[in-house]
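Student: only geometry, no sequence info:
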Ligand SMILES: Nc1ncnc2c1ncn2[C@@H]1O[C@H](COP(=O)(O)OP(=O)(O)OP(=O)(O)O)[C@@H](O)[C@H]1O
Ligand SMILES: [Mg+2]
């Protein structure tokens, strides 16, 4: 920390360095650590009416977490509903992440290796422009697109692919599409950055030595881009699992996203401690899953920032 | 270093027939025609941007010629991808895989052919032995020195016993000493495996010392093909004469040409007698403008007053290079360079005129053409 500071001073001068340190510290502390700590604290308390807060009943408890596992019944049965929703949310997020990776890898590869500077910049711009539109508006746009009288149904029926409108919303197609689209840039850019720095000659050398296109990718490009892949997947997974707008707007009526549960506890349920506990559970499980995956694929956190 | 038992290398001849490569309006290679025999060490020599790499990429399959044929072992290679050709390319920056160990780099060509791990390792160890890096297979590529990386790249290229090894300025990243060492080593490897080597360089010393034959290129055109001695002693174009080695050039006019001897007036007050150039190129007729090339080492300080091809110059300056002394002289406004072996005897007066001459066999008269920029 001291070294870092001296280094900064040497490079940027005292005023800038102090500004940087203060800004970063404030950012990390006020916007990340403090709220999370408060949330953590909340999650270990009972949901008390305002009058009783700070009173004798306001003690630490595991009750909110117990609820997630056992529900309201004190009999000890599992809270299959909420656990199921968490599980399904995670699986869906994994699915969306993998789907994004499959879409983005070829795009990033072509952007990074086949197009020239000016063309690549134009393509990148074309990718970014849609994101100038608000996330909620984009979600609604998907709702309209996938609605029973939406463009996709109209075209599909016009072409005779199906004879009655398909309920994409109920089938969760709209949800997956919306989620996959929502954070796709966060997959493309790390991939693009990673692949872009790969020496073209490495690809040609591999080809020259007899590698077919699949081997070029599996043995040269993907190992090289692994940190980028890991960082893209982590971001997309975390954000998808924590998404709220898309599931609210595009989710089928019978399907809840885990964040919607959190939201319900905070909002209509009026139970902030329980909402906090649920949020904590989501956070911890997601981080654990990410770390486990990185472990399996032998990526270290240090590599990711490359 | 011995390559006995490293495998059986077939040697295949390569021929380029009227190969053109065009990038839009720009012509990178013009009508390249040549045959490279199996087992030959063949070099392409030329200045930066003259199309050497492009031509090599045609042979390795990364570039389809716009027109013309590339044949390897008599077979037309059109539509045959780089991974299907019997060539192995060593890139200018070597393109070793940084994430793989040395052994995994060397055995990469086997890996993509589905050879099992044990055999691969064995082969890698065998090749490591041969490039004098035994037991270093588990090192990371980044832990090797420049020359060692170089050798690993060669081993990797040899792993699947290609018929033709293509080398794109593989020594340019090395320092002088190592470069000279690697030249000898490369040549030795080539002799031992008997493989066809196609070598690209813009360093004429490299081309002259290593090659059986050299193709000198300029602006996409092959100017001359021949062995080092022919290229150096009997250049067929002005570009070759000025690009390969150092040369003095005098502008002149042909007065007579009887097929054996020419008389040339270069405006220095002497009629120069030079042998009619035998190495092809259009013959010069009386009245033709010409460029007369005389190498710095062919110029001599005249021993007598009435020698052939004698002319007068003035001393300008001297560059001392240890074993050689390069003396710059002025012949009626024209700067000439004279190289003398430093045997401690010469001394050229700074004021007195210096009389020079050269043997008729050592003057080369050519049709005026583009000169290589220094
Ligand atoms: N893909 C391409 N598109 C357009 N022009 C190209 C392309 N590849 C090469 N060129 C042009 O063709 C010419 C020859 O290039 P090449 O790489 O063959 O030169 P070179 O002789 O290998 O030079 P160097 O010694 O600098 O490597 C250059 O002018 C280059 O700009
Ligand atoms: Mg080149």
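Tutor: Alright, I've got the coordinates. Predicted model only: the values in this text are computed from it and were never measured. Ligands and ions are numbered 1, 2, ... in the order given.
Student: how near is residue A:120 to ligand 1?
Tutor: When distance is defined by C-beta to the nearest ligand atom, to the nearest Å, residue A:120 is 16 Å away from ligand 1. All C-beta spots, glycine's among them, are computed from the backbone N, C-alpha and C.
Student: Just checking the distance from the one helix or strand that residue maps to to the centre of its chain.
Tutor: Taking DSSP states H and E as the criterion, residue A:120 maps to helix A:117-128. Counting by C-alpha atoms, centre = their mean, to the nearest Å, helix A:117-128 is centred 24 Å from the centre of its parent chain.
Student: who's in contact with that helix?
Tutor: The contact list for helix A:117-128, computed with C-beta atoms under 8 Å, 6 or more residues apart in numbering or on different chains, reads A:111, A:112, A:115, A:185, A:188, A:192.
Student: The fifth one and residue A:104 touch, don't they?
Tutor: Yes. In this structure, residue A:188 sits in contact with residue A:104. The criterion is C-beta atoms under 8 Å, and the distance is 4.7 Å.
Student: so what's in contact with the two at the same time?
Tutor: Taking C-beta under 8 Å, 6+ apart as the contact definition, residue A:188 and residue A:104 share the neighbouring residues residue A:232.
Student: So for the two, which sits in the more crowded spot?
Tutor: residue A:104 (26 against 21; other C-beta atoms under 10 Å in any protein chain shown).
Student: The more buried one against residue A:191, yeah?
Tutor: Yes. Counting by C-beta under 8 Å, residue A:104 touches residue A:191, with 5.5 Å between them.
Student: Tell me the residues that contact both of those two, please.
Tutor: Residues touching both residue A:104 and residue A:191 by C-beta under 8 Å, 6+ apart: residue A:232.
Student: And the pLDDT for the residue of the stretch 51-200 of chain A found nearest chain B?
Tutor: Distances from the stretch 51-200 of chain A to chain B, computed as C-beta to the nearest C-beta, single out residue A:199 as the nearest residue at 6.4 Å. pLDDT recorded at residue A:199 is 91.
Student: can you check residue B:2 too?
Tutor: Among the per-residue scores, residue B:2 holds a pLDDT of 40.
Student: contacting residues around residue B:337?
Tutor: Applying C-beta under 8 Å, 6+ apart to residue B:337 gives the contacts B:246, B:248, B:296, B:299, B:326, B:327, B:328, B:329.
Student: So which residues of the stretch 101-250 of chain B form strands?
Tutor: Under the criterion DSSP state E, counting those that start in this stretch, the stretch 101-250 of chain B carries strands at the ranges B:164-168, B:196-201, B:213-218, B:221-226, B:248-257.
Student: Mean neighbour count added to the ones you listed, as a markdown table?
Tutor: Shown next, in a markdown table, are those (neighbours: other C-beta atoms under 10 Å in any protein chain shown):
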| stretch | mean neighbour count |
| --- | --- |
| strand B:164-168 | 24 |
| strand B:196-201 | 25 |
| strand B:213-218 | 24 |
| strand B:221-226 | 21 |
| strand B:248-257 | 18 |
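Student: So which bits of the helix holding residue A:120 are buried?
Tutor: If you call a residue buried by 16 or more other C-beta atoms under 10 Å in any protein chain shown, then helix A:117-128 has these buried ones: A:120, A:124, A:127.
Student: Near ligand 1, which residues of the stretch 101-250 of chain B? Just list them.
Tutor: The interface of the stretch 101-250 of chain B toward ligand 1, taken as C-beta under 6 Å from any ligand atom, is made up of residue B:202.
Student: What ranges does chain B have for its helices?
Tutor: B:52-60, B:102-106, B:108-111, B:117-130, B:146-158, B:176-193, B:204-210, B:228-233, B:238-243 (DSSP state H).
Student: And those helices: which comes nearest chain A?
Tutor: With C-beta to the nearest C-beta as the criterion, chain A lies closest to helix B:108-111 of the helices of chain B, at 4.0 Å.
Student: Mind listing residues that contact that closest one?
Tutor: The contact list for helix B:108-111 (C-beta under 8 Å, 6+ apart) reads A:206, A:209-211, A:219, B:88, B:97, B:100, B:104, B:119-120, B:123, B:156, B:159-160.
Student: what does the stretch 201-306 of chain A put close to chain B?
Tutor: For the stretch 201-306 of chain A, the contact set with chain B under C-beta under 8 Å from any C-beta of the partner chain comprises A:201-202, A:204-212, A:215, A:219-220, A:223-224.
Student: any idea how far chain B is from the closest residue to residue A:279 other than its chain neighbours?
Tutor: Closest residue in space to residue A:279, ignoring its immediate chain neighbours: residue A:262 at 5.0 Å, by C-beta to C-beta, 6 or more residues apart in numbering or on different chains. Separation of residue A:262 from chain B (C-beta to the nearest C-beta, to the nearest Å): 41 Å.
Student: Can you get me a residue count around residue A:262?
Tutor: Close neighbours of residue A:262, defined as other C-beta under 10 Å, add up to 22.
Student: coming back round to it: which of the contacts of helix B:108-111 count as buried?
Tutor: For the contacts of helix B:108-111, burial is judged from neighbour counts taken by 16+ other C-beta under 10 Å, and it is met by A:206, A:209-211, A:219, B:88, B:97, B:100, B:104, B:120, B:123, B:156, B:159-160.
Student: And for the residue of the stretch 251-374 of chain B found nearest ligand 1, nearest residue in space, chain neighbours not counted?
Tutor: Proximity to ligand 1, evaluated over the stretch 251-374 of chain B using C-beta to the nearest ligand atom, is greatest for residue B:372 at 13.5 Å. Nearest non-adjacent residue to residue B:372, counting by C-beta to C-beta, 6+ apart: residue B:243, 3.6 Å away.
Student: My read is that that neighbour contacts residue B:47, right?
Tutor: Yes. Taking C-beta under 8 Å as the definition, residue B:243 is a contact partner of residue B:47 at 7.0 Å.
Student: what do these two both touch?
Tutor: Common contacts of residue B:243 and residue B:47, defined by C-beta under 8 Å, 6+ apart, comprise B:218, B:372.
Student: The two: which has the busier surroundings?
Tutor: Just comparing residue B:243 and residue B:47: by other C-beta under 10 Å the higher neighbour count belongs to residue B:243, 27 against 15.
Student: And the strands in chain A, which stretches?
Tutor: When assigned using DSSP state E, chain A turns out to have no strands.
Student: which regions of it lie under the pLDDT threshold?
Tutor: Scanning chain A for pLDDT under 70 picks out A:1, A:73-76, A:302-306.
Student: pull the longest helix from it.
Tutor: The longest helix of chain A (DSSP H) is helix A:80-109.
Student: what's the offset of that helix from the middle of its chain?
Tutor: Here helix A:80-109 is found 9 Å from its chain centre; the criterion is C-alpha atoms, centre = their mean.
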